[in-house]
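Participant: missing the sequence, but the structure's below:
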């Protein structure tokens, strides 16, 4: 692994990740493990040329995320170079769609989070159980019994997008277009295309809000509009919040379901255990979130004041910080045999839904959907098998989310060539 000389005395050398672009997408875990062995914090140049601080260790990640005063989520605190690259203007203060709870700091973050929080209480999420079961049953009924289907395109994605429609109260959401925009934003091919996708989704979001005002339907979107009308958020913040929910509200669920199926197919004994004992589903979800988390890194953070973690001080110069969830969840200081998928593992403290002020609001919904969908899928297809070599499947990885591109499966016996992998 190439190390470049540090530009400032006392700082660690910079690791060049450019030569490892493919590995970071297909299987980043060995690379992160190698870096973590050398230390929990590194300076790095990402494959797209952006310089960042990597926080790889579990205790360091937890401590960093507990200090929002030092690590800002607001792009206004980023360097002009970062803003020029990712916002298209070195003087820009926010993303094109506006400010939401994910890219703001307190007190704005708390204010913007509050109206959404009311929808994601345990009681309200549990009340969606019957709706999730109905969606799952309908999707499983439509899957072929004698030919291959794609677990992602034919099952996980329609389920996740359908539930977002239900939550928001939008019966006729253009799901294909939403997923297309979310893919371009979540798995960018270039900074320019991300910006273009954002600008295409903005008028669509504005039209959803306008339609809801003209034809109100009970749901989260109506709640958010009322919050804006009551002065709890500006019209631009309303748009940014809906924009966030349309994107982040389904990508992580798709990845969680796909990764869980992938891990189970890779480990036939544990596949059989869940098939025979559906009550193990919570343990499967926990271990999938640890072993192959949907969120590979938290949303970008920017250092606005010096932050000391262990023996490393990250200067408060607006530099980018990447908290690598996938590495923290495999830190051997926190988890025994961290590179082994084991659903009998005692649950530990995962970073998969974040930590601190930005802890994911949708975690209960994600677990509910996966907790219903996985056992139902295995009950319907007890001999589910990969339709191709698992090692040949392609992954997509963006700044935040990592997910399989496709997961073709057959309802029949496992092909002899499909081999499990722990790494």
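Facilitator: Alright, I've got the coordinates. Keep in mind that this is a model prediction, so the values were computed, not measured. Residues are numbered from 1 along each chain as shown.
Participant: And the helices in the stretch 51-200 of the chain?
Facilitator: Taking DSSP state H, counting those that start in this stretch to define them, one finds helices in the stretch 51-200 of the chain at 58-65, 80-86, 108-117, 122-126, 129-141, 157-168, 175-186, 191-214.
Participant: can you check the stretch 301-423 of the chain too?
Facilitator: Using DSSP H, counting those that start in this stretch, helices in the stretch 301-423 of the chain cover 325-328, 363-380.
Participant: Among the helices of the stretch 51-200 of the chain, which comes closest to residue 405?
Facilitator: With CB to CB as the measure, helix 175-186 is the member of the helices of the stretch 51-200 of the chain nearest residue 405 (9.6 Å). Every residue, glycine included, has its C-beta placed from N, CA and C.
Participant: what is the rounded mean pLDDT of the closest one?
Facilitator: For helix 175-186, the mean pLDDT works out to 89.
Participant: Does anything pack onto it? Which helices or strands?
Facilitator: Other helices and strands packing on helix 175-186, by 3 or more CB pairs under 8 Å, 6 or more residues apart in numbering; DSSP states H and E, are helix 157-168, helix 191-214, helix 235-266.
Participant: Run through the residues that contact the spatially closest residue to residue 161 that is not a sequence neighbour.
Facilitator: Counting by CB to CB, 6 or more residues apart in numbering, residue 175 is the residue found nearest to residue 161 once chain neighbours are left out, at 4.4 Å. When contacts are counted by CB atoms under 8 Å, 6 or more residues apart in numbering, residue 175 is found next to 157-158, 161-162, 165.
Participant: Can you tell me which of the residues you listed is nearest residue 38?
Facilitator: residue 157 (38.1 Å).
Participant: In this structure that closest one contacts residue 254, no?
Facilitator: Yes. Using CB atoms under 8 Å, residue 157 makes contact with residue 254 at a distance of 5.2 Å.
Participant: From the centroid of this protein, which residue is nearest?
Facilitator: The residue lying closest to the centre of the chain (CA atoms, centre = their mean) is residue 295, at 3.3 Å.
Participant: backbone phi and psi for that one, please?
Facilitator: Geometry field for residue 295 lists phi and psi as phi -90, psi 110, criterion degrees, to the nearest 10.
Participant: tell me the contacts of it?
Facilitator: 252, 325, 352-354, 360, 400-401.
Participant: switch to 6 Å and redo it
Facilitator: For residue 295, the contact set (CB atoms under 6 Å, 6 or more residues apart in numbering) comprises 325, 400.
Participant: can you check residue 398 too?
Facilitator: Under the criterion of CB under 6 Å, 6+ apart, the neighbours of residue 398 are 186-187.
Participant: Next, the buried residues of stretch 378-396.
Facilitator: Residues of stretch 378-396 classed as buried by neighbour count (16 or more other CB atoms under 10 Å): 378, 380-381, 384-388, 390, 393, 395-396.
Participant: Could you dump those into JSON lines and include distance to residue 64 and pLDDT?
Facilitator: Formatted as JSON lines, the entries for these read as follows, by distance: CB to CB, whole Å; pLDDT from 0 to 100:
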{"residue": "378", "distance to residue 64": "38", "pLDDT": "96"}
{"residue": "380", "distance to residue 64": "42", "pLDDT": "96"}
{"residue": "381", "distance to residue 64": "42", "pLDDT": "96"}
{"residue": "384", "distance to residue 64": "39", "pLDDT": "96"}
{"residue": "385", "distance to residue 64": "41", "pLDDT": "96"}
{"residue": "386", "distance to residue 64": "37", "pLDDT": "96"}
{"residue": "387", "distance to residue 64": "41", "pLDDT": "95"}
{"residue": "388", "distance to residue 64": "39", "pLDDT": "92"}
{"residue": "390", "distance to residue 64": "34", "pLDDT": "95"}
{"residue": "393", "distance to residue 64": "32", "pLDDT": "97"}
{"residue": "395", "distance to residue 64": "26", "pLDDT": "97"}
{"residue": "396", "distance to residue 64": "26", "pLDDT": "94"}
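Participant: Go through the residues you listed and name the one nearest residue 179.
Facilitator: Proximity of those to residue 179, judged by CB to CB, is greatest for residue 396, which lies at 12.6 Å.
Participant: ok, the spatially closest residue to that closest one that is not a sequence neighbour to residue 385 distance?
Facilitator: Counting by CB to CB, 6+ apart, residue 187 is the residue found nearest to residue 396 once chain neighbours are left out, at 4.5 Å. In this structure, residue 187 lies at 27 Å from residue 385, with CB to CB, to the nearest Å as the measure.
Participant: Same question for residue 328.
Facilitator: As judged by CB to CB, residue 328 and residue 385 stand 32 Å apart.
Participant: And for residue 247?
Facilitator: Residue 247 is 32 Å from residue 385, where distance means CB to CB.
Participant: and if you look at residue 51?
Facilitator: Using CB to CB, we find residue 51 at a distance of 44 Å from residue 385.
Participant: Please apply the same query to residue 303.
Facilitator: Where residue 385 is concerned, residue 303 sits at a distance of 47 Å (CB to CB).
Participant: cool, residue 167 as well?
Facilitator: Counting by CB to CB, the gap from residue 167 to residue 385 is 33 Å.
Participant: Would you mind listing where the protein has pLDDT under the threshold?
Facilitator: 1-12, 172, 413-423 (pLDDT under 70).
Participant: give me that answer again for 80
Facilitator: Counting by pLDDT under 80, the chain contains low-confidence ranges at 1-13, 171-173, 249, 347, 412-423.
Participant: for residue 400, what are its contacts?
Facilitator: Residues in contact with residue 400 (CB under 6 Å, 6+ apart) are 295, 297, 299.
Participant: let's go with 8 Å and repeat that
Facilitator: Taking CB under 8 Å, 6+ apart, we find residue 400 in contact with 186, 295-299.
Participant: how many neighbours does residue 77 have?
Facilitator: As a burial measure, the neighbour count of residue 77 was computed by other CB atoms under 10 Å and equals 19.
Participant: Also the one 4 residues further on?
Facilitator: Around residue 81 sit 14 other residues, with neighbours defined as other CB under 10 Å.
Participant: Count the neighbours of the closest residue to it other than its chain neighbours for me.
Facilitator: Closest residue in space to residue 81, ignoring its immediate chain neighbours: residue 90 at 7.2 Å, by CB to CB, 6+ apart. In terms of burial, residue 90 registers 13 neighbours under the definition other CB under 10 Å.
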